[in-house]
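Asker: With the input below, show me the fold.
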Amino acid sequence: MGVILPIWIFREYDRCSGCRYCEVACALRHEGIIWPEASRIRVFEYVPGITIPILCAQCTDYPCVNACPTKALYVDESTGAVKVDEGKCIKCGKCVEACPGRIPKVLPQKDSVLICDLCGGDPECVKVCKALGFNALILVDKWPGSHYKLYARGAEEITKDYVKKLYKVDPEEVM
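Answerer: Numbers count the residues shown, from 1 in each chain. Below you'll find the model as predicted:
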């Protein structure tokens, strides 16, 4: 058997329709119900027509994992995803503070923090996006390097960059 490469979800923002089926598919997989707030991927639309899917960027230095005081977060070596040991998580929010995109979520209704685990290597969000023909989310082998921090940003910051790129205006004029 060959070496297993970690995987990563590439985001093609131009192709995102804002349908939010990725949120539904994720919530159904992890929660068994349609509950977008508990989805490990979220789609934001600060400017009409610019929809930004946000999920864990799997930073090469994993600041969320390093910030966890109880060692509840760890990296799945086969996928590269951050996993949560729910029995160790105290929902302190240190992982959220350490994450450049503030991606992990702490919900009052859940016993531990929520973060994308890549569905064990077969992400539902990618499958539904592909099935619908949008292909805004694409499963790829994780590349070496530190460019993941480009994706580990909040949706508002990414939207501002996109507004500059698409409309050639100051984002403050439209946001």
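Asker: where in this protein is pLDDT low?
Answerer: 1-5, 145-146 (pLDDT under 70).
Asker: which residues of this structure fall in helices?
Answerer: 21-31, 63-67, 94-98, 124-131, 155-167 (DSSP state H).
Asker: burial of residue 50, as a residue count?
Answerer: 23 (other C-beta atoms under 10 Å). For every residue, glycine as well, the C-beta is placed using N, CA and C.
Asker: wait, isn't it in contact with residue 165?
Answerer: No - Residue 50 is not in contact with residue 165 according to C-beta atoms under 8 Å; the separation is 9.9 Å.
Asker: Where do the strands of the chain begin and end?
Answerer: 7-11, 42-47, 50-54, 73-75, 82-84, 137-141 (DSSP state E).
Asker: So which of the ones you listed has the densest surroundings on average?
Answerer: strand 50-54 (a mean of 23; mean count of other C-beta atoms under 10 Å).
Asker: just the angle between it and helix 21-31, please?
Answerer: Angle, strand 50-54 to helix 21-31, by axes from the mean of the first three to the mean of the last three C-alpha atoms, to 10 degrees: 20 degrees.
Asker: Need the residues that contact strand 50-54.
Answerer: 11, 13, 16-18, 22, 41-46, 101, 103, 125, 136-137, 154-155, 158-159, 162-163, 166 (C-beta atoms under 8 Å, 6 or more residues apart in numbering).
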